[in-house]
Structure formats: C-alpha cells, structure tokens
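>>> mind folding the following:
(one chain, ligands or ions: 1)
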Amino acid sequence: KVRYHKWEVKYEYKSPDCYKRLVITINGRSPGPTINAQQGDTVIVELKNSLLTENVAIHWHGIRQHGTPWSDGTEGVTQCPIVPGDTFVYKFVVDRPGTYLYHAHYGMQRESGLYGLIRVSLPDGESEPFSYDYDRSVILTDWYHKSTYEQATGLASIPFVWVGEPQSILIQGRGKFNCSTPGIETSLCNATNPECSPFSLTVVPGKTYRLRIGSLTALSALSFEIEGHNMTVVEADGHNVEPFVVQNLFIYSGETYSVLIKADQDSSRNYWASAHVVSRNSTTPNGLGIINYYPNHRLRSPPTIPPIGPRWNDVAPRIAQSQAIKALKGYIHTPPERPDRVIVMLNTQNRIDGHVRWSVNNVSFGLPHTPYLVALKQNLLHTFEQTPPPEGYDATNYDIYSVAKNVNATTSNSIYHLKFNSTVDLILQNANTMTVNNSETHPWHLHGHDFWVLGYGTGKFNISIDSEKYNLVNPIMKNTVPIHPYGWTALRFRANNPGVWLFHCHIESHFFMGMGVVFEEGMEKVNRLPTSIMGCGETKRFLKP
Ligand SMILES: O=C1O[C@H]([C@@H](O)CO)C(O)=C1O
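Here you go, the predicted model:
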C-alpha cells in the first residue's frame, strides 16, 4: 500500500508552553501528523516549503532507506536543501514494524517544532509478542524561547555564546512556562492559553496501554515517569526487548521506546506524567502531563505533588538501564562474530581557531555545500577533503579525566569509506570537556542502519579486555545510543546499505558544533540519483538549463 501525505511547512505564532513565539508547523500542527503505515508500505510525503526565508529538509529517523539513500533527508549529505516555495517528494519503504520519528535535518531547525512520529504496524495476521488494549504515543522535547538563528549565531561566535538550558520540557508539544518569571513580557505569555493546557492521556481502568515514547530533545536527557505506575519496556528503536520493569524510563534524544502500562490504580483520581532533566544540572522545570482515569475530567489536577525524578548526576541507574536493554528471545539477530574494522572515536570538546567545537579524534565536522551523495556518484571529489579521518586516538597518552589542550584539533569534512558488506565496530569513547571534572552524555544516531549494542563501560576502553566482554548473545539493535560520562559504548554494524550516512550526536547544538562523522559504502551500487536532490553547490551542472 502507498501512504500518501501532502505537507505544508511554515512558521506560525504559537504558545506551546504559554509563551508566544514562532513555531514551525506541518499543516498547522506541531508535533506534525503521525505517519501510520504497515510493514512493507511505501510512504510518500510531498513537502512544500512555505517558510518564506528558510530552507528545509526532513529526516526519517530509524528508517533505513534501502535503495533510496536520496530520501534520507539529510541536508549536505543526501540532498540539497529544499528552498522556500519549492516542493520536494520523499518516497521510501517502511520495511520493519516499530516506532520511528521524523524531524528537520537542516541547521538547528528541528528544535523549532518540525518533528513527528512514524508508527509501523505488522503485516495482517501477524501479532506482537506482547499484548495491550490500546496503542498511544507521546514525543518528548525541550523548548527554547530564542530562535534557532540566535542560538546558532551564538554557538558560531567568538566569544562563544552557549544556548543554555531550555525554558520548558514539552510532552506531545505542550508545556507550561511560568508567566510570572521576572522580565517576561506579559503580552507574550498567557498561562490560560488553551494551546498550553497539559497533555492528557485518558485511560480506562483495568486496561493495558502500549505507550510509544520518543525523545527529540535539542539538549536534554530525560527521565520519564508516571506517578504510581510501573512501565514494562517492550520495544526500543523498532526492536523487541526482553521485557523489564522500570519506575522511570531514561530516554535520550533520538531514541524511541514502547512501554506497557496497566491502569490498575485508584480510578477516582488522575496521575502525573513527568519528564525530568538528568545528566545536566538543569534549571528547566519538569514537563508535566496528566494520566486521566476515565471518567474523571481530563484536565483535573492530580491531588499529589508531581514526582521530582532521580538526581541529575546519578549516573549508575542510567548505565544500569542501558545495560538492561536486550533483544527479545525469538527476535534475536546475532551479530557477526568479529569485526573487519574497528574505529575508535574519542569525543572531545575543543577550541579551534578561537571557536568552541566538538570533535571526534580531534577532527570537528562541517557539512560541505555539495551533498556527498551527489559528489561521490558524479566523482566531484574536489568538493570535500580527501584525507581520511583518523581510525582512533593516542589512547596510551590521553587522559580522559582531565581537560586536554588538543592543540592539533582541526575542522574537516572528510569521510570514512567502508568496504561494502564489511562488519564495522565503532567504539565511542567519552572524555572530559573543557570544564574541569565534567563529562557529558551524548546520544549518537546512525543513519541508514541499525547497530548492535555490544557493551557499555566506564573509563578508557581497552580492546583486549573489554571486547572479551561483549554481548554477542542477545544484543539489542538500535539506531541511537548514549555514551555516558567518562564512559564508552561499543557498537557493531554491517556496512550493507549503499549510500552515504551520517553518524552524529543527536544534541542539536553539538552536531552544529561539529560532533559527527560520515560513512560511505557501496556507492557503485547506488542507482541514478533523482535531480530533485540537486541544485546547490556543484550539483547545479547536472540540471538542465
Ligand atoms: O557544548 C557545550 O558548551 C557548554 C559548555 O561546555 C561551555 O559553555 C555545554 O554545557 C555544552 O554542552
């Protein structure tokens, strides 16, 4: 079946957290419409850019784009930006059931509200390995009052201006900023605006709900919980999980989970749903929603104080939850036993030519003006740097626990060429930032593939010791995974998808500051490129005059 969508993307004044600012909408909505499809369907999205003065591109997060690398929606990698007034058609097959996302992939545009959910159901006659009565979903985001332009300009400036902590956490596009905050223009903030009434999920007592939770925060790692209710985790990034029960779910930007919740508590009242920032000493108040027990009023406040959430700097429970996620028996894809290549990626914050940047092995990434997909297909190799990026860093002499000078750090747009069908291990190694005693959490997202998560550890990765402890029995496959402070995360994937694929920190400002790399594989197998992805940089020459 073909699932056809016609979208118009534009700016509108909205008040998602009661404070009025410009929001990017799809057909008038933010979050945008949910794409519902069945495994094997073709999704077509005809996207009109009505942003007036801003380009756009949309990435289908978690969709592998087998045979359609030009539909990945990554500006600078797989396509030219869609200019104002233009219409671009995305067309791709959703080949697996599960919960996925979509969002802008141009500049830092995602955090202006251009995002939504993709829900892929099983083919007729097949059923999930878990049961529930109703299927619901929420997307968690964080929300700034400043425009992405102001933020991007600050990040690129000397002196550096950091974006700071977000003003609000939104649950399904709804939050509540305190309008009596000193200095807030009262005409811009209206606490009774219905646009910022809280998200409310109505449940029927006794029923079980599958709640699909996606995070597309710009910065924040979150802990999500529902007062008085346990959650059983059953799906992660489109893969069935060996079920485990949590009171709070840690979720990083770019991840999706399905949890089962039974409405088995006192039904005379409502309950809080709360999203709380962890891993940063944040000033952002918890995002609150309501779990509404039918037939109470959907917006009736629960009689209790909302849960405060776990301590922001308590890393151990976050690592424990990462390690608890295993593939469900009967749904295990066993990874190849050995890699053909191991790339170790040291994550650092550096100063380069006076700018604060993020780097992998002392190389900070910047997008080229000619998308790699076109450049590689048409042999325009002068459009990006050809010296290959490093395979690792000097682990014996690098202290990940101290502020390093990293005097050799540079910017580059060179890429990794992977042998088609080879098995590649990626070891993400965290380190200290430029602040003493500080190491951050980074969610890394791979386009075009799922990877096996082989293990997490604290400290400096040691290949001979740590690789012996990899989980090769039932590792979960994911497309987004955190590295914890001062820790490492080991991933394995098959380079079996012809095209060019970004691998990057899903924190909007960190990718903007260079935290990413690009992989190429099997370019010779890529079919003729649609000219609709061209028009910028040196791709112009392939368009008829
Ligand atoms: O990239 C970042 O910059 C700031 C800080 O390190 C410097 O202001 C921060 O918290 C980041 O995550």
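
>>> when you work out contacts or count neighbours from here on, use the C-alpha atoms and nothing else.
Noted.

>>> and the next element down the chain from the host helix or strand of residue 12?
Element membership of residue 12 [criterion: DSSP states H and E] is strand 2-14. The helix or strand immediately downstream of strand 2-14 is strand 21-26, counting by DSSP H and E.

>>> so what touches that next one?
The contact list for strand 21-26 (C-alpha atoms under 8 Å, 6 or more residues apart in numbering) reads 7-15, 30-33, 112-114, 145, 147.

>>> what angle separates that strand from strand 2-14?
On the basis of axes from the mean of the first three to the mean of the last three C-alpha atoms, to 10 degrees, strand 21-26 is oriented at 170 degrees to strand 2-14.

>>> list the buried residues for strand 21-26?
Residues 21, 22, 23, 24, 25, 26 are the ones in strand 21-26 that count as buried (16 or more other C-alpha atoms under 10 Å).

>>> now do stretch 7-22
Across stretch 7-22, burial judged by 16+ other C-alpha under 10 Å covers 7-12, 14-22.

>>> where's it relative to the chain centroid, distance-wise?
Remark: stretch 7-22 is offset 21 Å from the chain centroid, using C-alpha atoms, centre = their mean, to the nearest Å.

>>> what about that stretch, average pLDDT?
The pLDDT scores in stretch 7-22 average 98.

>>> distance between the ends of that stretch?
18 Å (C-alpha to C-alpha, to the nearest Å).

>>> please enumerate the helices of the stretch 101-250 of the chain.
All helices of the stretch 101-250 of the chain, identified by DSSP state H, counting those that start in this stretch, fall at 148-156.

>>> pLDDT below threshold where in it?
Residues of the stretch 101-250 of the chain meeting the criterion pLDDT under 70: none.

>>> those strands in it, which residues are they?
Assigned by DSSP state E, counting those that start in this stretch, the strands in the stretch 101-250 of the chain fall at 115-121, 134-143, 168-171, 200-203, 208-215, 221-226, 231-236, 239-246, 248-251.

>>> and those as TSV, adding distance to residue 61 and mean neighbour count?
Formatted as TSV, the strands of the stretch 101-250 of the chain follow (distance: least, C-alpha to C-alpha, whole Å; neighbours: other C-alpha atoms under 10 Å):
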stretch	distance to residue 61	mean neighbour count
strand 115-121	9	23
strand 134-143	13	20
strand 168-171	19	26
strand 200-203	25	21
strand 208-215	11	23
strand 221-226	18	25
strand 231-236	13	24
strand 239-246	14	20
strand 248-251	16	24
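
>>> could those be laid out in JSON lines, adding distance to residue 455?
Formatted as JSON lines, the strands of the stretch 101-250 of the chain follow (distance: least, C-alpha to C-alpha, whole Å):
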{"stretch": "strand 115-121", "distance to residue 455": "28"}
{"stretch": "strand 134-143", "distance to residue 455": "26"}
{"stretch": "strand 168-171", "distance to residue 455": "30"}
{"stretch": "strand 200-203", "distance to residue 455": "35"}
{"stretch": "strand 208-215", "distance to residue 455": "22"}
{"stretch": "strand 221-226", "distance to residue 455": "20"}
{"stretch": "strand 231-236", "distance to residue 455": "16"}
{"stretch": "strand 239-246", "distance to residue 455": "16"}
{"stretch": "strand 248-251", "distance to residue 455": "17"}
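
>>> quick one: which of these is nearest residue 500?
Between residue 500 and the strands of the stretch 101-250 of the chain, the shortest gap by C-alpha to C-alpha is with strand 115-121, which sits at 22.5 Å.

>>> show me what the closest one is packed up against.
Counting contacts by 3 or more C-alpha pairs under 8 Å, 6 or more residues apart in numbering; DSSP states H and E, strand 115-121 packs against strand 35-38, strand 98-104.

>>> can we see that at 10 Å?
Other helices and strands packing on strand 115-121, by 3 or more C-alpha pairs under 10 Å, 6 or more residues apart in numbering; DSSP states H and E, are strand 21-26, strand 35-38, strand 58-61, strand 98-104, strand 134-143, strand 208-215.

>>> first-to-last residue distance for stretch 511-526?
Start-to-end, stretch 511-526 (C-alpha to C-alpha) is 27 Å.

>>> same thing with stretch 456-471?
End-to-end for stretch 456-471, by C-alpha to C-alpha: 10 Å.

>>> what lies in contact with that stretch?
Stretch 456-471 has contacts (C-alpha atoms under 10 Å, 6 or more residues apart in numbering) with 319-320, 322-323, 326, 334-335, 342, 344, 346, 395-396, 398-401, 427-431, 452-455, 482-491.

>>> check contacts around the most centrally placed residue in the chain.
Closest to where the C-alpha atoms of the chain average out (C-alpha atoms, centre = their mean) is residue 254, at 2.0 Å. If you count contacts by C-alpha under 10 Å, 6+ apart, residue 254 has them with 61-62, 100-103, 214-218, 237, 443-446, 479-482, 505-507.

>>> mind listing what residue 378 touches?
By C-alpha under 10 Å, 6+ apart, the neighbours of residue 378 are 372, 529, 539, 542.

>>> now do the phi/psi pair for the first one.
The phi and psi values for residue 372, taken as degrees, to the nearest 10, are phi -50, psi -40.

>>> how close does the residue nearest to it when sequence neighbours are not counted sit to residue 533?
In this structure, residue 372 finds its nearest non-sequential neighbour in residue 77, 5.0 Å apart by C-alpha to C-alpha, 6 or more residues apart in numbering. Separation of residue 77 from residue 533 (C-alpha to C-alpha) stands at 10 Å.

>>> which residues are in contact with residue 447?
Residue 447 is in contact with 59-65, 69, 72, 74, 479-480, 500-504, 518-519, counting by C-alpha under 10 Å, 6+ apart.

>>> can you check residue 493 too?
Here residue 493 is in contact with 335-336, 339, 421-426, 446, 449-453, 477 (criterion: C-alpha under 10 Å, 6+ apart).
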